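Participant: got a predicted model here, sequence first, then my questions.
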Amino acid sequence: MLSTNLKELIQLFFPYSNFRPYQLELIGIAYNIMKNGRIGLISAPCGIGKSVSVLVAYMLTRRMEKSSLMALTRTKNQIDIYSRELRAIWEKSGEDIVLAIFKSRRDMCAFVKERPELGKIRYKDFLAFCRHLRREKACPYYTEIGSAWRPSYKAYRLCVELRRSGPIDVDSFYERCVAEGLCPYEMMKIMAYKADVIVGNYNYLIVEPIREILLKKIGVGIENIHCVIDEAHNLPKYSVDVSSDEMSEISIKRAVKESIKYQCNLENELRNLKFMLDEVTKDIPSDEPKVLSKGEVIALFESCFDAKIETIIRDLQEWGEVIRALKIEEGVRPVSYLGRIGDFLSLISLSDEKSHVYYVVKENDIARIGVKCLDPSSNVSGILNAPKSLIMMSGTLWNFEYYTSILGLDHTRVETYSIPSIYSEKNRLILADLSVTTKFEERSKREFKKIAERLSRYVKCIDGRVAIYFPSYELMKNIVDYMGKLERETIVEDRATRVKDVIKTFLDEENCVLMAVAGGKLSEGIDLTYVGKTLLDGVIIVGLPYPKKDEIYEKQLKYFEEKFGENKAFEYSSIVPCINTLLQAAGRLLRKPDDQGVIIVMDRRIMGRIFRRLPYDWKRDLRGHYKADELIKEIEFFQRFVKHSPSTVRKYTL
């Protein structure tokens, strides 16, 4: 229970007239975590108002001590939410609050608007382009800033104005800077000095060089910063991706052309590399990775270039810098494929063989070579335990032991909190079709046809917009081929599908279908909403999205067995990722407390060992049937007597 005094203090900062369910309790939890310097893992449902709650908790903490708050998110939309909520708190309280919001250097670059092609190049190539312009004093926006530690009068004056005007969103900040002819990213670094709240993506904490630069600009040590990590269920994968990479033979072919054009005299070595990569992958099945040792990968490159790996990396990276500079002078995209290969090799050379796996794979006749990190804690455990306090929160942060172990958190400081679900049977109908499965051993044309027939019936039964998520592109194709043409506008995800195009189709069509891959860009970290309301009326998850069992998976399993023991290894490598992906896909349906819709899981395994580990509200609400007619009866009853009518969001004209 919160004390009367604390409730009165909360009202000084909370910018809205009413609290959402459990929001007051969440503010109290976050406040106590910050006040006591703890590591808090909070599982709280979407729609409860997590962002404004932790900001209010920080404002309460700030009254007792001098400290800063660093809020870290995965997506650009989440960054905008924090700036909007902090602005509302500033308007309510009248207290001085300095906000620094960091998107990537490219997202805040004025040149990208003038040259849109810069937004499509590899981020490392863009950084090299930016570095070249700054070094050559060729960027007018940068030169107007002044020196690194002594801003120009123009930059100083704008910084004072912006600080006095209170927290603003990053787009407004960008426009103000560009109108003054100043680099928005460098201006934000100036704004960051002694800032109260810093908002950015995970890199500003996880990636050491970026973090150290930011901390110097803030002028505060990490031990005096409270950290909040939003959508924290993403953190293990994000940490792994920081130390993972993959390169295809297409990059090698382009590097050959680059070498010839710019007279680098490396084309023969690169052709050898392409030939050797084809040789290594020629006998392996399509999309089935073959694991190599680090020594084998390095020996492959050294034999092709007839040089030591350190020399190869240095030469390729140096040529990359030269080629990017020449392309800038030519007025073309500053991309270097030689530099790309050099960066890839540098990552392999610096990686720890014990906590990484190296592999080759061939898919659609294109060979690739890659390195994958096996240990999420290798990049984050030290820094996650360093801040004054740490709050990790998400709607699917349900397995606290997993995150504590996998991220290497200091268990003596960890506190865990589960906020009850704000969704009930009035919000969602959760059903399972127990007559089908996508289990590998039972996959067949007969099973695919059965799934397709039942799936078509469910889609036809659900009024409105439906998202269907499959475990993989391959399974999606196998099943969709048997479905025939649906009597609705249908979007089938491929690697070129854009989120904004999906939302536009949803707004144009009252009845339509999205077919996508669970764990992909259309199932996690996005809001399929309009003016705060869900655009979906149903989500169907075909099969259970277990990680694919291949040689990389076996390496992962073995690594976890050595670190956590046999029982935990399988849970951490298979069960938890599967449930997280399942819950994230289903979570696209309900984004606010008054959203409603139908969730169907088409796999009988949902009632097995997965069921025992599901969150309480899922175990409470999930009902399974073997007959499609029984599921359809439940859907029709829900839509007729429970669900709001008409559908949540009807057709809009953009």
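Facilitator: The structure has been received and is ready for your questions. Numbering: from 1, shown residues only.

Participant: check what pLDDT the residue nearest the centre of the chain gets.
Facilitator: For the chain, the residue nearest the mean C-alpha position is residue 74 (4.8 Å; Cα atoms, centre = their mean). With respect to pLDDT, residue 74 scores 84.

Participant: does it really touch residue 203, like I thought?
Facilitator: No. The criterion here is Cβ atoms under 8 Å, and residue 74 misses it with residue 203 at 10.3 Å. Placement of C-beta: from N, CA and C, glycine included.

Participant: can you tell me how far the nearest residue to residue 248 once chain neighbours are set aside is from residue 346?
Facilitator: Closest residue in space to residue 248, ignoring its immediate chain neighbours: residue 368 at 4.5 Å, by Cβ to Cβ, 6 or more residues apart in numbering. Using Cβ to Cβ, to the nearest Å, we find residue 368 at a distance of 18 Å from residue 346.

Participant: just read off the phi/psi values of residue 69.
Facilitator: Note on residue 69: backbone dihedrals following degrees, to the nearest 10 are phi -120, psi 130.

Participant: burial of the nearest residue to it once chain neighbours are set aside, as a residue count?
Facilitator: Excluding its sequence neighbours, the residue lying closest to residue 69 (Cβ to Cβ, 6+ apart) is residue 58, at 4.4 Å. Residues within reach of residue 58, counting by other Cβ atoms under 10 Å, total 26.

Participant: and residue 58, what element?
Facilitator: Using DSSP states H and E, residue 58 sits in helix 50-62.

Participant: quote the end-to-end distance of stretch 612-623.
Facilitator: From its first residue to its last, stretch 612-623 covers 14 Å (Cα to Cα, to the nearest Å).

Participant: report the distance from that stretch to the chain centre.
Facilitator: 25 Å (Cα atoms, centre = their mean, to the nearest Å).

Participant: then stretch 305-323?
Facilitator: Using Cα atoms, centre = their mean, the offset of stretch 305-323 from its chain centre is 32 Å.

Participant: coming back round to it: got the phi/psi numbers for the residue nearest to residue 248?
Facilitator: Dihedral angles for residue 368 - degrees, to the nearest 10 - are phi -140, psi 150.

Participant: OK, contacts around it?
Facilitator: 246-249, 360-362 (Cβ atoms under 8 Å, 6 or more residues apart in numbering).

Participant: got a list of contacts for stretch 283-290?
Facilitator: So stretch 283-290 is contacted by 280-281, 359-364, 370, 474, 550-552 (Cβ under 8 Å, 6+ apart).

Participant: how about JSON lines for those, with neighbour count, secondary structure and pLDDT added?
Facilitator: Listed next are those as JSON lines, based on neighbours: other Cβ atoms under 10 Å; DSSP: H, G, I helix; E, B strand; the rest coil; pLDDT from 0 to 100:
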{"residue": "280", "neighbour count": "18", "secondary structure": "helix", "pLDDT": "94"}
{"residue": "281", "neighbour count": "22", "secondary structure": "helix", "pLDDT": "94"}
{"residue": "359", "neighbour count": "20", "secondary structure": "strand", "pLDDT": "98"}
{"residue": "360", "neighbour count": "20", "secondary structure": "strand", "pLDDT": "97"}
{"residue": "361", "neighbour count": "23", "secondary structure": "strand", "pLDDT": "96"}
{"residue": "362", "neighbour count": "23", "secondary structure": "strand", "pLDDT": "94"}
{"residue": "363", "neighbour count": "13", "secondary structure": "strand", "pLDDT": "88"}
{"residue": "364", "neighbour count": "6", "secondary structure": "coil", "pLDDT": "85"}
{"residue": "370", "neighbour count": "20", "secondary structure": "strand", "pLDDT": "97"}
{"residue": "474", "neighbour count": "14", "secondary structure": "helix", "pLDDT": "90"}
{"residue": "550", "neighbour count": "17", "secondary structure": "coil", "pLDDT": "94"}
{"residue": "551", "neighbour count": "16", "secondary structure": "helix", "pLDDT": "96"}
{"residue": "552", "neighbour count": "21", "secondary structure": "helix", "pLDDT": "97"}
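
Participant: can you lay out these as a markdown table showing distance to residue 448?
Facilitator: Shown next, in a markdown table, are these (distance: Cβ to Cβ, whole Å):
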| residue | distance to residue 448 |
| --- | --- |
| 280 | 33 |
| 281 | 28 |
| 359 | 29 |
| 360 | 30 |
| 361 | 24 |
| 362 | 24 |
| 363 | 21 |
| 364 | 21 |
| 370 | 30 |
| 474 | 11 |
| 550 | 21 |
| 551 | 26 |
| 552 | 26 |
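
Participant: from these, which is closest to residue 617?
Facilitator: Nearest to residue 617 among the contacts of stretch 283-290: residue 474, at 32.2 Å, using Cβ to Cβ.

Participant: not counting residues beside it along the chain, what's closest to that closest one?
Facilitator: That would be residue 287: by Cβ to Cβ, 6+ apart, it lies 7.6 Å from residue 474.

Participant: what is the helix holding residue 58 packed up against?
Facilitator: helix 4-13, helix 23-36, strand 68-73, helix 76-93, strand 225-230, strand 389-394 (3 or more Cβ pairs under 8 Å, 6 or more residues apart in numbering; DSSP states H and E).

Participant: could these be laid out in JSON lines, adding distance to residue 54 and mean neighbour count?
Facilitator: What follows is the helices and strands packed on helix 50-62, written out as JSON lines (distance: least, Cβ to Cβ, whole Å; neighbours: other Cβ atoms under 10 Å):
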{"stretch": "helix 4-13", "distance to residue 54": "12", "mean neighbour count": "14"}
{"stretch": "helix 23-36", "distance to residue 54": "5", "mean neighbour count": "21"}
{"stretch": "strand 68-73", "distance to residue 54": "7", "mean neighbour count": "26"}
{"stretch": "helix 76-93", "distance to residue 54": "9", "mean neighbour count": "18"}
{"stretch": "strand 225-230", "distance to residue 54": "5", "mean neighbour count": "25"}
{"stretch": "strand 389-394", "distance to residue 54": "6", "mean neighbour count": "26"}
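
Participant: out of those, flag the one nearest residue 594.
Facilitator: The nearest among these, by Cβ to Cβ, is helix 23-36 at 15.3 Å.

Participant: which strands or helices does that closest one pack on?
Facilitator: Helix 23-36 packs on helix 4-13, strand 39-43, helix 50-62, strand 389-394, going by 3+ Cβ pairs under 8 Å, 6+ apart.

Participant: distance to residue 624 and mean pLDDT added to the ones you listed, as TSV?
Facilitator: Compiled in TSV, the helices and strands packed on helix 23-36 are given as follows (distance: least, Cβ to Cβ, whole Å; pLDDT from 0 to 100):
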stretch	distance to residue 624	mean pLDDT
helix 4-13	43	88
strand 39-43	25	97
helix 50-62	32	96
strand 389-394	27	97
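
Participant: done for today, thanks.
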